[in-house]
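A.B. asks: Following is a predicted model, sequence given first.
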Amino acid sequence: MKSIVLESAKGVKGGKIQLCFSQIVETEASPSNVLGLLNASDDRFNQQKPRYAWLTAQPEDVKKQFGIDANLAEGEELIIGISDPRLTANPDAPLNILITETTEGNEYDVANFETRAKRAGKDGDFIMKDGKYIYQRTSVVNRVVKPSDHVILKDTVRQSAGSSTSAIADALGE
């Protein structure tokens, strides 16, 4: 797993800020991609994309834990770009992104399932588990994360985004 990066901070409602973290994450569920292996010398087939996680925080606590002055007005953004940031409260433990997949979407997920549910590529087929959409949660944890720590649902199937079943009814579990 590559180092986590504290990318940026953005002012949000209530005088808080939202921190954006990124990391290239490896999971046990990542199968060997035969196409990638047969094209290993072609950079277009070897691009790993980072996963992102966002945390909402109090500016004074960000200053205390990371030494970053991020008193930002709502909508204002600060580019940070710190690789392997450490919390002052626990400097010996690394920060890492942890992925948890679930078929239980929150209200926002369900209302926006077309962009929130797991897909095979940006506009590809939905990836489903037992006829339900899969939603991915990313969190930042203060510990070492092994590939086996991620919760990646298995025995999933692709369902065409243009199938005859009602996607809205599926998202609502009806």
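C.D. replies: Received, thanks.

A.B. asks: pull the CA atoms of the longest helix along the chain into PDB?
C.D. replies: Determined from DSSP state H, the single longest helix within the chain is helix 59-66. The C-alpha coordinates for helix 59-66 follow below in PDB (Å, rounded to 0.1, in the frame of the first residue of the first chain):
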ATOM      1  CA  PRO A  59     -10.100  23.900  12.200                       C
ATOM      2  CA  GLU A  60      -8.600  24.200  15.700                       C
ATOM      3  CA  ASP A  61      -8.300  20.400  16.000                       C
ATOM      4  CA  VAL A  62      -6.700  20.200  12.500                       C
ATOM      5  CA  LYS A  63      -4.100  22.800  13.700                       C
ATOM      6  CA  LYS A  64      -3.500  20.800  16.900                       C
ATOM      7  CA  GLN A  65      -3.200  17.400  15.100                       C
ATOM      8  CA  PHE A  66      -1.500  18.300  11.900                       C
END
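
A.B. asks: and that helix, what does it pack onto?
C.D. replies: strand 17-23 (3 or more C-beta pairs under 8 Å, 6 or more residues apart in numbering; DSSP states H and E). All C-beta atoms are positioned from the backbone trio N, CA, C, and that covers glycine.

A.B. asks: Tell me where the protein is predicted with low confidence.
C.D. replies: 1, 29-33, 35-36, 44-47, 161-174 (pLDDT under 70).

A.B. asks: circling back to that earlier point, which of the residues in the longest helix of the chain are classified as buried?
C.D. replies: Neighbour-count burial for helix 59-66, counted by 16 or more other C-beta atoms under 10 Å, picks out Pro59, Val62, Gln65, Phe66.

A.B. asks: now stretch 64-78
C.D. replies: Buried residues in stretch 64-78, counted by 16+ other C-beta under 10 Å: Gln65, Phe66, Ile68, Ala70, Leu72.

A.B. asks: could you dump those residues to a markdown table with distance to Glu104?
C.D. replies: Shown next, in a markdown table, are the buried residues of stretch 64-78 (distance: C-beta to C-beta, whole Å):
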| residue | distance to Glu104 |
| --- | --- |
| Gln65 | 31 |
| Phe66 | 32 |
| Ile68 | 34 |
| Ala70 | 32 |
| Leu72 | 33 |
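
A.B. asks: No more questions from me, cheers.
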